[in-house]
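A.B. asks: output the structure for:
(chains A, B, C and D)
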Protein chains: 2
Amino acid sequence: MRIGELASQAGVSVRSLRYYEEQGLLTSTRSPSGQRHYTDDEVERVRLIQCLYAAGLSSRTIVEVLPCVDSPSERNSDEAFERLVQERDRISRHIDELLRARDALDLLIDVNRAHRAQLTPR
Amino acid sequence: MRIGELASQAGVSVRSLRYYEEQGLLTSTRSPSGQRHYTDDEVERVRLIQCLYAAGLSSRTIVEVLPCVDSPSERNSDEAFERLVQERDRISRHIDELLRARDALDLLIDVNRAHRAQLTPR
DNA sequence: CTAAGACCTGACACTGACGTCAGAGGCAAG
DNA sequence: CTTGCCTCTGACGTCAGTGTCAGGTCTTAG
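C.D. replies: Next up is the predicted model:
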């Protein structure tokens, strides 16, 4: 499939896909005229990349862990594996942070609701 | 206290505090010579601001919800309250996203660990 | 064949929370 | 008084993922 098709199936912009390739996250075969072609598998790969972006990984970090995705059986991915674990932990810490923030907001919401209930009985 | 003191107590940079003031998140009284002075309470306020930043709120959004922090009893903070609830929900969705990402990483980690165990029995 | 739409590269714009630097003034201790 | 540290304003730099535009080529339906 061509880039527009992949973009719509994976739910990202064409621009993003070209950027991913530039960053080494995605590869494509080129037609003689230079147009990018992708296999169906790439859809899932793009979704994974999006997921990692959403989790706060940078392109550079994603590149670093990709060996674990592409060849988990290779012994050469020690650093990649290390990085993978690091990122998992970072995400866990981030989740904790968000939970604390949500608690803070919940508290604020409760306090405000209480005042509202008093001020306008209906 | 002056700005350096507040910065170190709240664990942020002096630059950030000036930026917060510029954005309307923080106020200061000025000495005749123009130096900023803060009360002890501001430490907590800065910590709250940091917490909200960490939760992904932008300066503009924090400004919008501040009425709920500063005067929860005022009826004029309807929009602020609305926004507060919106942000709480956004954070919840973000947490879900991170949980999914963490699951994905955990899966990758397990797969890689399994391969490693096979390849290098010790 | 032709027109429309998809694709190409390259480049600049943007956003936002700061870092950092320059040049100048403030303040407490010795 | 002076030395050294803190503070001031203003301005430009940064990073990263994308939007967007320009100028040109490809592909495909009719």
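A.B. asks: use CA for all of it now, contacts and neighbours both
C.D. replies: OK.
A.B. asks: residue of chain A nearest DNA strand C, please.
C.D. replies: A:Gly4 (3.1 Å; C-alpha to the nearest atom of the strand).
A.B. asks: quick check, that residue in contact with A:Val14.
C.D. replies: Yes. The pair A:Gly4 / A:Val14 is scored as a contact, 6.1 Å apart, by C-alpha atoms under 8 Å.
A.B. asks: quick revisit: burial count for the residue of chain A closest to DNA strand C?
C.D. replies: 16 (other C-alpha atoms under 10 Å in any protein chain shown).
A.B. asks: please apply the same query to the one 4 residues further on.
C.D. replies: The tally of other residues near A:Ser8 (other C-alpha under 10 Å) stands at 12.
A.B. asks: with the one 10 residues further on instead?
C.D. replies: For A:Arg18, the neighbour count with other C-alpha under 10 Å is 17.
A.B. asks: where's it, which helix or strand?
C.D. replies: helix A:14-22 (DSSP states H and E).
A.B. asks: so what touches that helix?
C.D. replies: A:3-4, A:7, A:26-28, A:59 (C-alpha atoms under 8 Å, 6 or more residues apart in numbering or on different chains).
A.B. asks: that one: which residues count as buried?
C.D. replies: For helix A:14-22, a neighbour-count test (16 or more other C-alpha atoms under 10 Å in any protein chain shown) marks A:17-18, A:20 as buried.
A.B. asks: that one vs DNA strand D: in contact?
C.D. replies: Yes. With C-alpha under 7 Å from any atom of the strand as the criterion, DNA strand D is reached by helix A:14-22 at A:14-16, A:19-20.
A.B. asks: show me which of the contacts of helix A:14-22 are buried.
C.D. replies: A:3-4, A:7, A:26-27, A:59.
A.B. asks: dump these to TSV, plus secondary structure.
C.D. replies: Shown next, in TSV, are these (DSSP: H, G, I helix; E, B strand; the rest coil):
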residue	secondary structure
A:Ile3	helix
A:Gly4	helix
A:Ala7	helix
A:Leu26	coil
A:Thr27	coil
A:Ser59	helix
